[in-house]
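Student: give me coordinates for this.
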Amino acid sequence: MALSDNRIQRTSMLCAMYFAQGVPWGFMGTALVTYLTAQGVKGGAAGDLSAMMLWPWTFNLIWAPFIDVFTVRSMGRRRPWIIGAELLMAMSLLTILMMGDVASDIKLLGWMFFLHNCFASMQDVATDALAVDVLPRSEQGKVNGMMWGTKLFGKATGAVLMAYVIRDYGITAAVWCQFGILMLIMLFPLMMLERPGERRFPWSSGEANMEGAGATDENMRRFLEVMGDLFKGFAPLANWTYFVFGICAVVGWGIVEVLTKPLWTQELGLPQETYSLQAGKAVWLELGGAIFGGYIADKFGRRLVMSIGFGGYGLMAIGIALLAAHWNESMIMWYLILCPGVLAFGAVGFNSMGMEISWTKSSATMFTIYMTSSNVGHAIGNKLVGPLQERLGLSYSNIFMVAGLSLIIPLALLIFVNPKQVAANRAKDEETPPKTKCPECGEATQPEQFVCKMCGAELV
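Tutor: Numbering: from 1, shown residues only. All right, here's what the predicted structure looks like:
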């Protein structure tokens, strides 16, 4: 049994990889940044640190073609990249541990987590490519919801558990915890095969399996062939419009993500660990939003799910801006708990739509590009907090208003994202050439064949 023919195996593998991405996200993006803002770090510096964590995810545009071009085919198309990325993530954590007290140098800390997330982004690309390869269309929405949900559990673990570890034992102990978690998760790609008959390890017996998308026994495809597939894939209006939408749609999320931390610790004067605790409470609603969003996406369409999720998140940001005169701990607490569930509902729609409209033999790279576009928009939002707050002098309420509008306005682009247009191009691309008849036996055969398989006669 392997991922390609076992739903439980492929679902658990993909979810484990997303959990591995969620832990450092929660630790670096929530527990660590909130801890530092409680120590007096300003919103602009916190935004810069968050952006340092996110910028490596824009490298997916670089990783994706290489992952489509190179592999150790006898071990699977994607699994060697996942294993390699996990090992490099572990080595980067060990490097951080050997450097001593990096918390005293915020810039150095940012660069160290930048390096770690470079390898995490490589793992993300390979995992998304694996999902495109092994997930049937009927499972895409549901499994995307489950993948997002386990990423949320990882994020909650990194945010809540690591917040208490940092408070009681320091940042170094929190990094050690992440290293141990990563070692356990690495067992999934080490023990599971992509397709039957492949090698588990380089020294094991086995060979390349020729089933599935992009099947080939070669360890390297021509780079120009991959790029040609990408140009063809983005030719339809729906595809390049969706790329632009991915950048624009989540800028507001990036703004809100950073802004709520100094709002909690500096404006309201509340403890940093209680902020992380709200993230832990929110995970259940976020998980429900992800799973329900996946179900709705499969049943009623991806565009509807995105409109409700991203639009709802934007309206909530506008609503909290209008209620600025009444802000208190209880109101902001409920805002922090409810928002992630609404966002997760829309994000699952975005992911599953990306899978649905990815086509050509480089469909995995196409999907990765869509995911990268959202990472770019997210990082831009993180980076904007400093200029909006410190250069333009906008208040918290005005910045929330900007974030809300930046989430709602891009939804108009979804009018031009028509999956049927992409499906028509895919059908045309995969169309079987017309058959011809052998002049000797009359058997139908493909015109590119030179010898009839039935009688052995030469074909003109």
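
Student: return the per-residue confidence for residue 417.
Tutor: Predicted confidence (pLDDT) for residue 417: 93.

Student: ditto for the one 3 residues further on
Tutor: On the pLDDT scale, residue 420 is placed at 83.

Student: ditto for the one 5 residues further on
Tutor: We note a pLDDT of 77 for residue 425 in this prediction.

Student: with residue 16 instead?
Tutor: Taking residue 16 on its own, its pLDDT is 93.

Student: please apply the same query to residue 12.
Tutor: Here the pLDDT value assigned to residue 12 is 92.

Student: these two touch, right, it and residue 188?
Tutor: Yes: counting by C-beta atoms under 8 Å, residue 188 is a contact partner of residue 12 at 7.1 Å. To be clear about C-beta, it is placed using only N, CA and C from the backbone, and glycine gets the same treatment.

Student: comparing the two, which residue is more hemmed in?
Tutor: residue 188 (20 against 16; other C-beta atoms under 10 Å).

Student: for that one, give me its contacts.
Tutor: Going by C-beta atoms under 8 Å, 6 or more residues apart in numbering, residue 188 touches 12-13, 16-17.

Student: show me which of the residues you listed is closest to residue 370.
Tutor: Using C-beta to C-beta, residue 17 comes nearest to residue 370 of those, at 17.9 Å.

Student: setting aside sequence neighbours, what's the nearest residue to that closest one?
Tutor: residue 127 (4.2 Å; C-beta to C-beta, 6 or more residues apart in numbering).

Student: quick one: the one you found from residue 227, how far?
Tutor: 22 Å (C-beta to C-beta, to the nearest Å).

Student: check residue 358 too.
Tutor: 16 Å.

Student: comparing those two, which residue is more hemmed in?
Tutor: A count of neighbours by other C-beta under 10 Å puts residue 358 above the other of residue 358 and residue 227, at 23 against 15.

Student: okay, and that one sits in which element?
Tutor: Assigned by DSSP states H and E, residue 358 belongs to no helix or strand.

Student: am I right that it is in contact with residue 132?
Tutor: Yes: if you go by C-beta under 8 Å, residue 358 and residue 132 touch, sitting 6.2 Å apart.

Student: contacting residues for residue 111?
Tutor: Contacts of residue 111 by C-beta under 8 Å, 6+ apart are residue 52.

Student: wait, a helix at it?
Tutor: Yes: using DSSP: H, G, I helix; E, B strand; the rest coil, the assignment for residue 111 is a helix.

Student: now do it, the pLDDT please.
Tutor: 83.

Student: and what of residue 446?
Tutor: Note on residue 446: pLDDT of 49.

Student: on that earlier part again, mind listing the shared neighbours of residue 358 and residue 132?
Tutor: Shared contacts of residue 358 and residue 132, defined by C-beta under 8 Å, 6+ apart, are found at 364, 367.

Student: show me where the stretch 151-300 of the chain has helices.
Tutor: Assigned by DSSP state H, counting those that start in this stretch, the stretch 151-300 of the chain shows helices spanning 162-169, 171-185, 187-191, 223-233, 237-249, 251-262, 272-300.

Student: of those, which is nearest residue 153?
Tutor: Closest of the helices of the stretch 151-300 of the chain to residue 153 is helix 272-300, at 6.5 Å (criterion: C-beta to C-beta).

Student: next, the angle helix 237-249 makes with the helix or strand just after that closest one.
Tutor: Tracing the chain C-terminally past helix 272-300 and defining elements by DSSP H and E, one meets helix 302-322 next. Relative orientation of helix 302-322 and helix 237-249, computed by axes from the mean of the first three to the mean of the last three C-alpha atoms, to 10 degrees: 20 degrees.

Student: next one: helix 302-322 to chain centre, how far?
Tutor: Here helix 302-322 is found 20 Å from its chain centre; the criterion is C-alpha atoms, centre = their mean, to the nearest Å.

Student: same question for stretch 418-428.
Tutor: Relative to the chain's own centre, stretch 418-428 is displaced by 24 Å; criterion: C-alpha atoms, centre = their mean.

Student: for it, buried residues please.
Tutor: Applying a neighbour-count criterion of 16 or more other C-beta atoms under 10 Å, one finds 418-419, 422, 425-426 buried in stretch 418-428.

Student: in CSV: the residues you listed, plus distance to residue 340 and secondary structure.
Tutor: Listed next are the buried residues of stretch 418-428 as CSV, based on distance: C-beta to C-beta, whole Å; DSSP: H, G, I helix; E, B strand; the rest coil:
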residue, distance to residue 340, secondary structure
418, 30, coil
419, 27, helix
422, 30, helix
425, 35, helix
426, 34, helix
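
Student: from those, pick the one nearest residue 84.
Tutor: After measuring the buried residues of stretch 418-428 against residue 84 - C-beta to C-beta - the closest member comes out as residue 426, at 30.8 Å.

Student: thought that closest one was touching residue 359?
Tutor: Yes: counting by C-beta under 8 Å, residue 359 is a contact partner of residue 426 at 4.3 Å.

Student: look up the closest residue to residue 380, ignoring the ones flanking it.
Tutor: Excluding its sequence neighbours, the residue lying closest to residue 380 (C-beta to C-beta, 6+ apart) is residue 251, at 5.4 Å.

Student: and the pLDDT at the one you found?
Tutor: For residue 251, the model assigns a pLDDT of 94.

Student: tell me the contacts of it?
Tutor: Residues near residue 251 by C-beta under 8 Å, 6+ apart: 377-378, 380-381, 384, 403, 406-407.

Student: okay, which residue is most central for the protein?
Tutor: Most central in the chain under C-alpha atoms, centre = their mean is residue 371, positioned 5.6 Å from the mean C-alpha point.

Student: which strand or helix spans it?
Tutor: Using DSSP H and E, residue 371 maps to helix 363-386.

Student: show me the contacts for residue 287.
Tutor: So residue 287 contacts 149, 152-153, 344 (C-beta under 8 Å, 6+ apart).

Student: what two of the residues you listed are the furthest from one another?
Tutor: The most widely separated members of the contacts of residue 287 are 153 and 344, with 12.0 Å between them, by C-beta to C-beta.

Student: who has more neighbours, those two?
Tutor: More crowded of residue 153 and residue 344, by other C-beta under 10 Å: residue 344, with 29 against 19.

Student: does the more buried one touch residue 151 like I think?
Tutor: No: contact status for residue 344 versus residue 151: not in contact, 9.4 Å apart, counting by C-beta under 8 Å.

Student: which SSE is residue 114 in?
Tutor: Using DSSP H and E, residue 114 falls in helix 106-134.

Student: give me the below-cutoff pLDDT ranges for the protein.
Tutor: 1, 41-44, 58, 100-104, 206, 208-223, 272-273, 276, 279-280, 429-460 (pLDDT under 70).
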